[in-house]
Each structure stands twice: as structure tokens, then as C-alpha cells.
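[1] Build me a model from this:
(one chain, ligands or ions: 2)
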Amino acid sequence: MDQRREEVEELLLYRDLVPLLEEALGKFSTRDTEEVIQSVRTAVPLSKHSGFMLLMPTYMEKDAVLCTKFVCMYKREEGSTLPAVNATVVLLDPERGNVKAVMDGEVITAMRTAAVSAISSKLLMDPGAEVLTILGTGTQALSHYNVFTEMFSFKEVRVWSRSIERAESFVRSLKGPVTVSSSVEEVVRGADVIVTVTRCTEPILMGRWVKPGAHVAAVGACRPDRRELDDTLMKEAVVYVDSREGAMAESGDVILSGAEIFAELGDVINRVKPALRNKTTVFKSLGMGIEDAVPAKLIFDKWKAKSSSL
Ligand SMILES: NC(=O)C1=CN([C@@H]2O[C@H](COP(=O)(O)OP(=O)(O)OC[C@H]3O[C@@H](n4cnc5c(N)ncnc54)[C@H](O)[C@@H]3O)[C@@H](O)[C@H]2O)C=CC1
Ligand SMILES: O=C(O)C1=NCCCC1
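    Numbers count the residues shown, from 1 in each chain. Ligands and ions are numbered 1, 2, ... in the order given. All right, here's what the predicted structure looks like:
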């Protein structure tokens with residue numbers, strides 16, 4: 001079965017995905033190999049094309065899910081029409097090893113990443129949070145806007161892009177009211193939740209601008225030499241990650257700042273570590289195979305139910 005983008009879009013809904021991902025993050029953090037086997041992903045450099053291919057195999061024995069994603073990420077010049085991220089998700093039968101489904105991975109990557117950031121915010125933001133800021137105006141910015149406005153009731157949403165024209169054009173594609181700026185400082189001052197979804201390689205978010213007690217979901221800078229956040233923020237905030245091993249291998253913000261990792265999101269879900277909502281918190285997201293395996297099973301099960309009812 002070959003699931004195209006439109007089909008994935010039709011079958012994958014945040015209201016189904018978010019609780020399943022929360023459960024899966026908890027299972028991952030137990031490190032029980034009967035629940036989840038997922039090593040740090042393999043990164044193959046595509047030097048000629050300024051990119052990487054990431055291979056992300058995952059096995060969830062109890063849930064009978066065997067899955068892998070191939071995702072290629074590239075540095076792109078501004079205005080390039082080529083994709084920055086291109087992904088395919090493959091679901092296999094764990095008993096026989098045959099391929100059950102090949103799915104377009106772009107929507108899965110966009111939605112599951114945003115859903116995990118929303119879970120981090122649900123767990124770690126001030127419950128009275130009113131102001132959301134999104135830094136970036138690409139694919140992830142849109143999926144984050146969609147799930148954050150579906151799950152929470154922010155009074156104000158702000159968006160930043162280096163180009164004010166791009167920010168304005170992004171905002172025109174959204175439903176609700178959003179303010180825009182080309183100054184990072186202006187949009188992050190006073191924000192309760194800040195989402196960083198850029199392809200920058202040097203820090204753009206400075207700790208001195210961040211309101212004490214704010215929550216930052218840091219999604220870009222997924223290579224050991226890339227940054228989105230400065231040392232002040234990384235060292236002053238309480239740092240949560242999706243996977244400790246992943247963050248120590250791949251996150252420039254963690255590795256180069258020398259910041260200490262306090263917990264995985266799954267530790268908070270499992271109540272092994274506290275959610276320090278009154279402190280400034282950073283969730284450093286890198287993405288993990290389990291976050292693709294969960295939506296792949298969900299999409300496949302829904303597709304099967306739909307097909308058998310026809
Ligand atoms: N943590 C995770 O699970 C995942 C992380 N990512 C990462 O999230 C980031 C965003 O991904 P997409 O939205 O798919 O990319 P995109 O290309 O659609 O959007 C990137 C945004 O960053 C901006 N940008 C580019 N270079 C910049 C720079 N030097 N400084 C500031 N802004 C810059 C662009 O104008 C655009 O608004 C990327 O770094 C990507 O690698 C993507 C998928 C999953
Ligand atoms: O988890 C993923 O999928 C990705 N992570 C880092 C950037 C490319 C996609």
C-alpha cells in the first residue's frame with residue numbers, strides 16, 4: 001500500500017495523535033526493550049548536496065509495530081523551491097519482515113513534531129500562559145501554529161521571520177489574528193511559550209530576552225554544530241529532551257553549551273521527574289523513530305478500517 005500526502009492528511013488528526021504520542025514517549029523512557037527498541041538514528045552525510053539522510057528504525061514489540069523513516073534534510077538558499085526536509089515512512093510486518101505500507105513522511109514529520117512540542121508545553125508551560133511566539137515561517141511553523149491553537153487558548157500569537165514580507169505572507173495563510181515582526185527580541189519579550197522552528201545554525205534566541213518561567217520548545221538545530229538558543233538560555237533553563245542519547249549525539253544547543261539535561265519528556269509523563277512549570281524550561285526536540293511509528297500505525301489502522309467498510 002502506498003499512502004500519498006493527501007491520504008495521510010485526511011487520516012491523521014491531532015486529537016488521535018497527541019494522546020498516543022504521549023503514551024509512547026512514556027514507554028520509550030522506561031527503556032523496556034519489550035516496549036520500544038530505538039537506537040540513536042544513523043546520519044549519512046550528503047556532502048555534495050549540503051544535506052544528511054537520517055535512518056530511523058523503531059520496533060515496538062508489544063504494539064506489533066516495526067517501522068522506519070528515511071528523512072533527508074538539506075541546507076537551502078532562501079527562496080529555493082527544493083524541499084528542506086523530504087521523508088518517507090515504511091511500516092513492516094514484524095513477523096514476516098514484509099513491507100505493509102509506504103507513506104509520505106512530510107505530513108507525518110510536520111504533525112508529529114508539532115504534537116510533541118505541544119505535549120512539552122502542556123506539561124511544562126505556566127497553566128495561565130497567554131502569549132505564544134513562533135520563530136520561523138516554514139512547514140514546522142505552520143504545523144506548530146495549527147496544533148497549539150487547537151490545543152490551547154492563547155490570547156496573543158506572534159510570529160517572527162528575518163523578512164517581514166515572509167512573515168506577513170505566512171500569517172495571511174492562517175485563520176486567527178497574529179502579530180508579526182522581524183525583531184526576535186520584540187516578539188519574544190513577555191512571551192509565555194516560544195517555539196523555535198528555523199534552519200539557523202547560530203543562536204537567534206537569547207536568554208536575556210526570555211521571560212522567567214517561560215517555556216521554549218526548540219525544534220530546529222538538529223545537528224551537533226548547529227544552534228538556535230544561546231548559552232545563557234541553555235544554562236539558566238531547566239532542559240528537557242525527547243531522548244538523552246539523541247540530544248548528547250545531535251544537539252548543538254546541548255553539546256556546545258555544556259548544559260545539563262534534567263529529564264526526558266517521558267520521565268515527566270511517567271512521573272519519575274517533575275515538571276518544573278514555575279522555572280524557565282527548554283524542551284530540546286530532535287525527533288525520534290517512535291514519533292513516526294505511532295502515526296504510521298494509526299494511519300494504517302484507520303486506512304484498513306475504512307477499506308474494509310467499503
Ligand atoms: N525536532 C524535530 O523533530 C524536527 C526538526 N526539524 C527542523 O526544524 C527546522 C524547521 O524545519 P521546516 O519548517 O521543515 O523548514 P522550512 O525550510 O520549511 O522552514 C525553515 C524556516 O527557517 C527560516 N530560516 C532559514 N534559515 C534561517 C536562518 N539562518 N536564520 C533564521 N531563520 C532561518 C526560513 O525562513 C523558514 O522560516 C529545521 O531546522 C529542521 O531541520 C524538522 C523536522 C523535525
Ligand atoms: O526527526 C525528524 O524527522 C527530523 N529531525 C531532524 C531534522 C530532520 C527531520
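[2] Spell out the secondary structure type for Arg96.
    coil (DSSP: H, G, I helix; E, B strand; the rest coil).
[3] what are the phi and psi values for it?
    Per-residue torsions, Arg96: phi -100, psi -20 (degrees, to the nearest 10).
[4] Would you indicate which residues of stretch 252-261 are buried?
    Buried positions in stretch 252-261, judged by neighbour count with 16 or more other CB atoms under 10 Å: Gly252, Asp253, Val254, Ile255, Leu256, Ser257, Ala259, Ile261. No exception for glycine: its C-beta is placed from N, CA and C like everyone else's.
[5] can you list the residues of the stretch 101-250 of the chain near ligand 1?
    Taking CB under 6 Å from any ligand atom as the test, the list of the stretch 101-250 of the chain residues beside ligand 1 reads 109, 113, 136-141, 161-162, 197-200, 204, 219-220, 222.
[6] From these, list the ones also adjacent to ligand 2.
    Answer for these near ligand 2 (CB under 6 Å from any ligand atom): Thr109, Cys222.
[7] circling back: same list, the buried residues of stretch 252-261, but as CSV with distance to Glu185 and secondary structure please.
    CSV is the format used below for the buried residues of stretch 252-261 (distance: CB to CB, whole Å; DSSP: H, G, I helix; E, B strand; the rest coil):
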residue, distance to Glu185, secondary structure
Gly252, 22, helix
Asp253, 19, helix
Val254, 24, helix
Ile255, 26, helix
Leu256, 22, helix
Ser257, 20, helix
Ala259, 22, coil
Ile261, 27, strand
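[8] Can you give me the neighbour number for the residue nearest to Asp253 when sequence neighbours are not counted?
    Using CB to CB, 6 or more residues apart in numbering and skipping residues adjacent in sequence, the residue nearest Asp253 is Leu229, 4.9 Å away. Residues near Leu229, counting by other CB atoms under 10 Å, number 29.
[9] Ramachandran coordinates for Leu229?
    phi -110, psi 150.
[10] State the distance from whichever residue of the chain sits closest to ligand 2 to Gly220.
    In the chain, the residue that lies nearest ligand 2 is Gly287 (1.9 Å; CB to the nearest ligand atom). With distances taken as CB to CB, to the nearest Å, Gly287 is found 11 Å from Gly220.
[11] Kindly report the same for Arg96.
    Distance from Arg96 to Gly220, counting by CB to CB: 38 Å.
[12] higher neighbour count, those two?
    The residue with more neighbours, out of Arg96 and Gly220, is Gly220; 23 against 9, by other CB under 10 Å.
[13] Surely that one is in a strand?
    No. Gly220: not assigned to a strand; according to three-state DSSP it is coil.
[14] and it, what is it in contact with?
    For Gly220, the contacting residues are Gly136, Gln140, Thr196, Val197, Thr198, Arg199, Cys200, Arg226, Glu228, by CB atoms under 8 Å, 6 or more residues apart in numbering.
[15] And Val85, its phi and psi?
    Dihedral angles (degrees, to the nearest 10) for Val85: phi -130, psi 130.
[16] re earlier: select from the contacts of Gly220 every entry located in helices.
    Residues of the contacts of Gly220 located in helices (DSSP state H): Gln140.
[17] Alright, that wraps it up for me.
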